[in-house]
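Asks: Predicted model follows, preceded by the sequence.
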Amino acid sequence: MIEQLPSVFLVGPMGSGKTTIGRLLARQLGRSFVDSDWYIESQTGADIAWIFAKEGEAGFRERETRAIDELTQREQIVLATGGGAVMAASNREFLRERGIVVYLNAPVEVQVARTARDKSRPLLQQPNPRKILQNLYEIRDPLYRQVAHIIMPTGHTYPRHMVTQLLEQLERFCTEQNITTAVIGSDDRDVDTQTKRSAD
């Protein structure tokens, strides 16, 4: 694990594994995990689909920005953000300036496979969800890359392997940025893999 590490914020499209990877990473780091969508639901007492239906996407995005602002001020957490969180410039600033942002980059094919039976995503309740995912990816990918400190491809290995790779990249990033870290609990890293660090 890495101590003295700033909060880690995960961004990426629907189906990229932000919640799964986030939970595993938080467990390895001994930190709290927060999903921004779940946080919004807990604060409003309603699910995301209801908020979209009653307030529209604009209303939801306002709530999301307030949530991102609050959550990114917490220390030493792992935060999974909604796929559209990067659309707002203020959200990108909160994320980029307050922690380490990791972009989980999932190909559209992976997104389609992972969201095919998920009825809780309002933007995908359309006749052609694949087209929607493709359009969203083309719009949002440059913004994910703009805000990210680390970019990791997903959909090519098991979540635990990905977390091992991510821990290595986080440690490397901290070394390069002169962020003081201490590595402990290395026995938990049961997979030795090579990783590549993408440019911002």
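Replies: Yes, it's here. Numbers count the residues shown, from 1 in each chain.
Asks: Now do the contacts for the residue lying closest to Phe94 once chain neighbours are set aside.
Replies: In space, and not counting its chain neighbours, Phe94 is closest to Thr72: 4.5 Å by CB to CB, 6 or more residues apart in numbering. C-betas here are computed from N, CA, C, even on glycine. Shown in contact with Thr72 (CB atoms under 8 Å, 6 or more residues apart in numbering): 7, 9, 79, 94-95, 98-99.
Asks: Now render these as TSV, adding neighbour count and secondary structure.
Replies: Listed next are the contacts of Thr72 as TSV, based on neighbours: other CB atoms under 10 Å; DSSP: H, G, I helix; E, B strand; the rest coil:
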residue	neighbour count	secondary structure
Ser7	21	coil
Phe9	30	strand
Leu79	29	strand
Phe94	22	helix
Leu95	25	helix
Arg98	19	helix
Gly99	23	coil
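Asks: Met152: which of those residues is nearest?
Replies: Closest approach between the contacts of Thr72 and Met152, by CB to CB: Phe9, at 13.2 Å.
Asks: So that closest one is in contact with Glu97, correct?
Replies: No. Contact criterion CB atoms under 8 Å: Phe9 and Glu97 do not qualify, at 10.7 Å.
Asks: State the distance from Val11 to Gln134.
Replies: From Val11 across to Gln134, the span is 18 Å (CB to CB, to the nearest Å).
Asks: cool, and Trp50?
Replies: 27 Å.
Asks: sorry, back to before: separation between the residue nearest to Phe94 and Leu136?
Replies: For Thr72, the distance to Leu136 - CB to CB - is 23 Å.
Asks: now for the biggest strand by length in the chain, which elements pack on it?
Replies: The longest strand of the chain (DSSP state E) is strand 100-105. If you count contacts as 3 or more CB pairs under 8 Å, 6 or more residues apart in numbering; DSSP states H and E, strand 100-105 packs onto strand 8-11, helix 129-147, strand 150-153, helix 159-176.
Asks: Can you name the element that comes right after it?
Replies: helix 108-115 (DSSP states H and E).
Asks: lowest-confidence helix or strand of the chain?
Replies: Comparing every helix and strand of the chain by mean pLDDT, DSSP states H and E singles out strand 182-183 as the least confident one, with a mean of 43.
Asks: Name every strand pairing with the longest strand of the chain and say which way it goes.
Replies: strand 8-11 (parallel), strand 150-153 (parallel) (DSSP bridges).
Asks: right, and those - which one's nearest Phe60?
Replies: Here strand 8-11 is closest among the strands paired with strand 100-105 (CB to CB), at 17.0 Å.
Asks: hmm, who's touching that closest one?
Replies: 18, 21-22, 25, 29, 72, 77-81, 85-86, 95, 98-104, 144, 147-148, 170.
Asks: repeat that for 7 Å
Replies: 18, 21-22, 25, 72, 78-81, 85-86, 95, 99-104, 144, 147-148, 170 (CB atoms under 7 Å, 6 or more residues apart in numbering).
Asks: Lovely, talk soon.
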